[in-house]
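1. just a sequence and a predicted model for now, questions to come.
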Amino acid sequence: MSPFVQTIPSNQRLPESADVVVIGGGMAGSAAAYALSKKGISVALVEKGNIGGEQTSRNWGWCRQQHRDLRELPLAMKSLEIWGELNKELGAETGFRRTGLLYVTTRPDDYAEWEAWTLRAREYQMHSHILSPAEAKAKTPGSTQDWMGGIHSPTDGRAEPSLAGPAIAEGARKLGATLHQDCAARGLEMEAGKVAGVVTEKGTIRTRTVLCAGGAWSSLFCRHHGIRLPQASVRSTSFATAAAPEVTPGGLSMPDVTIRRRLDGGYTVGLGGRGVVELSPQGLLYARQFWPTFKKRHEGLRFGIGRSFFDGPEAFTRWGLDQQSPFERHRTLDPAPDPRLMKLGLTKLAEYYPTLANLQVAQSWGGMIDSMPDGIPVISAVDPVPGLYLSTGFSGHGFGIGPAAGRLAADLIAGDPPIVDPHPYRYSRMIDGTNLGAPGMM
Ligand SMILES: Cc1cc2nc3c(=O)[nH]c(=O)nc-3n(C[C@H](O)[C@H](O)[C@H](O)COP(=O)(O)OP(=O)(O)OC[C@H]3O[C@@H](n4cnc5c(N)ncnc54)[C@H](O)[C@@H]3O)c2cc1C
């Protein structure tokens, strides 16, 4: 059920050493590897499955500043600048197009929330346009629905999740990085309390600096080394349609359903705010931290027991560095899509747009959205373990903000002036009790 993702080859030989070992070849790891390589730092990236195989190829492809949590907005704005240059810089297709993104609604609460966000975002020089009912109608030609209003962000865009991660990883390789797929990191080798290497299933790489960008697996990796990282995953459903009439060039969010135009002329359809929280030992461990978020989001969430309870990223498992690890047992997290949500998406689209009444589903998939209690990522050194950095917990935003997140991680590792203030993303907030606020807008 995995969506298509561009395959790229691995480097033949695992290096004996590297300045930095990046664990995880999703958007976070690939973008960091690229930014580090641009600084002339040697990088080995290890990925347990294939580059981009998990969240990075399963997302909707929205690259947005619109409605971002204000703590995250500076990173999102820098990212949109980077996206604008990326195709040219890489000499490769990421699918990025600055199409703008559009939200329309029939719900007064949405409209009030968007108005408030727009006012506050102006302090950051982010200019979105609030739309009256007539303006929202004019921006959705072909729709038979009357809207209460909308919001349009012309500087946002869309990219192709099947292409972008691998293209950025290849960009890193062109600058000297090595890429190793089917190569799980089992754990860290420590000397005198500091990072000294990464033990992978294919051998050990000596290094003083490790960036863990393991997506939904980061908490398990950290737990193995006694590091507390409250993280939870929400299983969500998306699908791609066959080519269909163009009703938007970019992304369009409507009540209960979103669409994003694809390069192949179809749409990626998402069901906003709906998903399944899988009950798991890790979930129970961090339940208190996630309670405020859950209260805010509970309407679209259901609970279920999935594989994670026994043997997935959220299970309590122990292993030795000379033994097969859970990362090798699950090369790619590939949860099943929910047919009820797909039906809801198709029904809503037909209701809003008669021209989209008979969409053919080309492919469907599930994805695990890794989230932090306060809804923003950790991009930071982990002070209790000198040499270890994290770039993880992107809480459903990491595709769009990935390029700037990679740059921030690289700046921190290199000791360069950071691209944005790193304070909101510090790891210490996870352990010093300052992470209890619920997320802002998602
Ligand atoms: C349905 C859905 C829709 C979304 N829509 C959007 C959107 O429109 N816009 C947006 O900005 N974001 C969106 N997101 C979120 C976005 O996809 C993620 O935030 C982003 O891809 C996270 O990137 P990552 O690199 O942190 O994680 P991942 O892409 O999950 O990558 C982590 C990688 O680490 C590897 N790994 C883990 N542990 C190890 C180990 N021990 N050794 C080696 N490798 C390891 C995994 O195999 C994986 O490939 C969406 C997510 C989903 C699921």
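-> Received it, and whenever you're ready, just let me know what you need. Residues are numbered from 1 along each chain as shown.

2. only C-alpha atoms for contact and neighbour calcs from this point on.
-> OK.

3. quick check: Ser153 touching Cys63?
-> No: counting by C-alpha atoms under 8 Å, Ser153 stays clear of Cys63, with 10.9 Å between them.

4. which one of those two has more residues nearby?
-> Cys63 (31 against 20; other C-alpha atoms under 10 Å).

5. secondary structure element holding the residue lying closest to the more buried one once chain neighbours are set aside?
-> Spatial nearest neighbour of Cys63, chain neighbours left out: Gly400 (3.9 Å); criterion: C-alpha to C-alpha, 6 or more residues apart in numbering. Here Gly400 is covered by no helix or strand, with elements defined by DSSP states H and E.

6. in stretch 159-175, what's buried?
-> Across stretch 159-175, burial judged by 16 or more other C-alpha atoms under 10 Å covers 159-173, 175.

7. try stretch 107-126
-> Neighbour-count burial for stretch 107-126, counted by 16+ other C-alpha under 10 Å, picks out Asp110, Tyr111, Trp114, Glu115, Trp117, Thr118, Ala121, Met126.

8. quick one: secondary structure of Val22?
-> Counting by DSSP: H, G, I helix; E, B strand; the rest coil, the backbone at Val22 sits in strand.

9. dump the residue contacts of it.
-> By C-alpha atoms under 8 Å, 6 or more residues apart in numbering, the residues touching Val22 are Gly29, Ala32, Ala33, Val43, Ala44, Leu45, Val46, Val210, Leu211, Cys212, Ala213.

10. among the residues you listed, which are located in helices?
-> Secondary structure defined by DSSP state H assigns Gly29, Ala32, Ala33 of the contacts of Val22 to helices.

11. from these, which are also near the ligand?
-> Gly29 (C-alpha under 6 Å from any ligand atom).

12. between the ones in helices among the contacts of Val22, which sits nearest Glu16?
-> Of all these, Ala33 has the smallest distance to Glu16: 17.5 Å, by C-alpha to C-alpha.

13. coming back round to it: show me the buried residues of stretch 159-175 that map onto helices.
-> Filtering the buried residues of stretch 159-175 for helices - DSSP H - leaves 161-173.

14. mind putting these in JSON lines, pLDDT included?
-> Converted to JSON lines, these look like this (pLDDT from 0 to 100):
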{"residue": "Pro161", "pLDDT": "98"}
{"residue": "Ser162", "pLDDT": "98"}
{"residue": "Leu163", "pLDDT": "98"}
{"residue": "Ala164", "pLDDT": "98"}
{"residue": "Gly165", "pLDDT": "98"}
{"residue": "Pro166", "pLDDT": "98"}
{"residue": "Ala167", "pLDDT": "98"}
{"residue": "Ile168", "pLDDT": "98"}
{"residue": "Ala169", "pLDDT": "98"}
{"residue": "Glu170", "pLDDT": "98"}
{"residue": "Gly171", "pLDDT": "98"}
{"residue": "Ala172", "pLDDT": "98"}
{"residue": "Arg173", "pLDDT": "98"}
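
15. distance check, Leu80 against the ligand.
-> In this view, Leu80 and the ligand are 11 Å apart by C-alpha to the nearest ligand atom, to the nearest Å.

16. what helix or strand does that residue sit in?
-> Leu80 is part of helix 73-90 when elements are defined by DSSP H and E.

17. that helix: what's the following helix or strand?
-> With DSSP H and E, the next secondary element past helix 73-90 is strand 101-105.

18. quick one: mean pLDDT for that following strand?
-> Mean per-residue pLDDT for strand 101-105: 97.

19. could you check the angle helix 73-90 makes with the next helix or strand after that strand?
-> Heading C-terminal from strand 101-105, the first helix or strand you meet, by DSSP H and E, is helix 108-121. Orientation check (axes from the mean of the first three to the mean of the last three C-alpha atoms, to 10 degrees): helix 108-121 against helix 73-90 gives 80 degrees.

20. run the chain-centre distance for helix 108-121.
-> Computed by C-alpha atoms, centre = their mean, to the nearest Å, the chain-centroid distance of helix 108-121 equals 24 Å.

21. contacts for it?
-> His67, Leu70, Thr105, Met126, His127, Ser128, His129, Ile130, Met148, Gly149, Gly150, Ile151.

22. cool, and stretch 196-212?
-> So stretch 196-212 is contacted by 14-24, 29, 183-190, 194-195, 218, 321, 324, 328, 387-392, 413 (C-alpha under 8 Å, 6+ apart).

23. among those residues, which are in helices?
-> Going by DSSP H, the helices hold Gly29, Ser218, Glu328, Ile413 from these.

24. surely the third one is in contact with Lys48?
-> So the one you mean is Glu328. Yes: counting by C-alpha under 8 Å, Glu328 touches Lys48, with 6.4 Å between them.

25. re the thing from before, now, of the contacts of helix 108-121, which are buried?
-> His67, Leu70, Thr105, Met126, His127, Ser128, Ile130, Met148, Gly149, Gly150, Ile151.

26. by pLDDT, give me the weakest of the residues you listed.
-> The member of those with the lowest pLDDT is His127, at 85.
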